[in-house]
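# got a predicted structure here, sequence first:
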Amino acid sequence: MENISVIGAGAWGTALAQVAARAGRNVKIWSRSKALADSINQDKVNGKYLPNTPLEKNISATNDLELAVKDADAIMFVVPVQHTRMIVKDLIGLIPEDVPLVLCSKGIELNTGLLMSQVVKELFPDNPYIVLSGPNFASEIAKGLPAATALATLNTNAGNDLAKALGGKTFRPYVISDPIGAEIGGAIKNVIAIACGIVAGSQLGENAKAAIMTRGMAEMKRMGKALGAKPETFLGLSGMGDLTLTCNSSLSRNYQLGFMLGQGKTLESIMENRNSVVEGVATATAVLEFAKKQAVNMPICQAINDTLHSDTTIAETVEDLMTRPLTQSES
């Protein structure tokens, strides 16, 4: 895999382009904005999303989607989850069947309740797909700080090839065979991170945050069991690793949003001042629809969805969670 295409020029897409370029690959990064693509080519920096990080010389940018994927040996999709279908659909007829499609955004499609792998398989049924998911902050990876991630796929050869193409001194990919588990972990942890941010912003204490993380993991595992995911996946990089990072750091967009909600700010006022997507906001609703279909109980996700999208106050949310009927099992 010498030629890597990255679809999406946000912070995470740019960071992954850096990873591939440092590993010696030729990287094309696609931006919807011609102005941003031009500035990346001219200044060798993504001034909008990673302004303080010089980019590798073997990264080029374009706003031409067809040109971006031409001759690509692997295509990494790093656009917001709710826009992924539209972008992938525009590529029908342009991608050979043997080119792996790498899914790097975490969430569930709101209109259909589908995971990203299910969306891609509808449109490209013959291409191998790989879910890239782990405890990865874009700003750190773009700077070359050490990190590891999971590459989850049913096609071991494609996964190993991509691991070799991306691996380097500061970025270590691990190939696993449970894409469903990796996707569930990546999607639900964003909702749990909002909950942990609310706990911190409301000054409810470290005990409460630990409880939210632990019970959030139980919700992930219940959903995973319903869909046939492997239990051990949730103890790995795309499960516990990602959950721990996202629920404990102000660098997490989902945690930041929850923190500000906990301080009393409204969702509308928070979103007005952001130029990046907070995936957990839409995922909170999508995951509940997903859970209903599978008859899975997810009280924390339900509580966060009510807080985000109804008139339920944080005090009411906390009370509802603390006064749920007692059970004999933690699972």
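Cool, the structure landed. Numbering: from 1, shown residues only.

# average pLDDT across stretch 105-120?
Throughout stretch 105-120, pLDDT has a mean value of 91.

# likewise for stretch 144-164?
97.

# would you mark the buried spots in that stretch?
For stretch 144-164, a neighbour-count test (16 or more other CB atoms under 10 Å) marks 144, 147-153, 155, 158-159, 161-163 as buried. C-beta here means a position set from N, CA and C on the backbone, and glycine is covered the same way.

# what do you get for stretch 251-268?
Residues of stretch 251-268 classed as buried by neighbour count (16+ other CB under 10 Å): 252, 253, 254, 255, 256, 257, 258, 259, 260, 261, 262.

# my guess is the last one contacts residue 314, does it?
Same thing as residue 262. Yes - between residue 262 and residue 314 there is a contact under CB atoms under 8 Å: 6.5 Å.

# between these two, what contacts are shared?
198, 202 (CB atoms under 8 Å, 6 or more residues apart in numbering).

# return the subset of the buried residues of stretch 144-164 lying in strands.
In strands, defined here by DSSP state E, the members of these are 147, 148, 149, 150, 151, 152.

# the buried residues of stretch 144-164 into a markdown table, with extra columns for distance to residue 107?
What follows is the buried residues of stretch 144-164, written out as a markdown table (distance: CB to CB, whole Å):
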| residue | distance to residue 107 |
| --- | --- |
| 144 | 27 |
| 147 | 21 |
| 148 | 22 |
| 149 | 17 |
| 150 | 17 |
| 151 | 18 |
| 152 | 15 |
| 153 | 19 |
| 155 | 23 |
| 158 | 23 |
| 159 | 22 |
| 161 | 26 |
| 162 | 21 |
| 163 | 24 |
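
# could you identify the most distant pair in those?
Greatest spacing in the buried residues of stretch 144-164, by CB to CB: 144 and 155 (28.8 Å).

# so which residue is dead centre in this structure?
Closest to where the C-alpha atoms of the chain average out (CA atoms, centre = their mean) is residue 106, at 2.7 Å.

# that residue should be in a helix, yeah?
No - judged by DSSP: H, G, I helix; E, B strand; the rest coil, residue 106 forms no part of a helix; its state is coil.

# before we move on, what SS does the spatially closest residue to it that is not a sequence neighbour have?
Nearest residue to residue 106 in three dimensions, chain neighbours excluded: residue 186, at 3.4 Å (CB to CB, 6 or more residues apart in numbering). Here residue 186 takes the helix state, with states given by three-state DSSP.

# my read: residue 186 touches residue 132, true?
No - the criterion here is CB under 8 Å, and residue 186 misses it with residue 132 at 9.1 Å.

# okay, those two: which has more neighbours?
Just comparing residue 186 and residue 132: by other CB atoms under 10 Å the higher neighbour count belongs to residue 186, 32 against 26.

# how about the strands of this structure, start to end?
For the chain, the strands defined by DSSP E cover 3-7, 26-30, 45-46, 50-54, 59-62, 74-77, 101-103, 129-133, 147-152, 171-176.

# lowest average confidence across the ones you listed, which one?
strand 50-54 (a mean of 93).

# that one pairs with which strands?
Within its sheet, strand 50-54 is paired with strand 45-46 (antiparallel), according to DSSP bridges.

# how distant is the partner strand from the center of its chain?
Counting by CA atoms, centre = their mean, to the nearest Å, strand 45-46 is centred 21 Å from the centre of its parent chain.

# show which residues not belonging to it make contact with it.
The contact list for strand 45-46 (CB under 8 Å, 6+ apart) reads 9, 11, 14, 36, 39, 40, 51, 53, 54, 55.

# count the neighbours of the fourth one for me.
Residue 36 is flanked by 19 other residues according to other CB under 10 Å.
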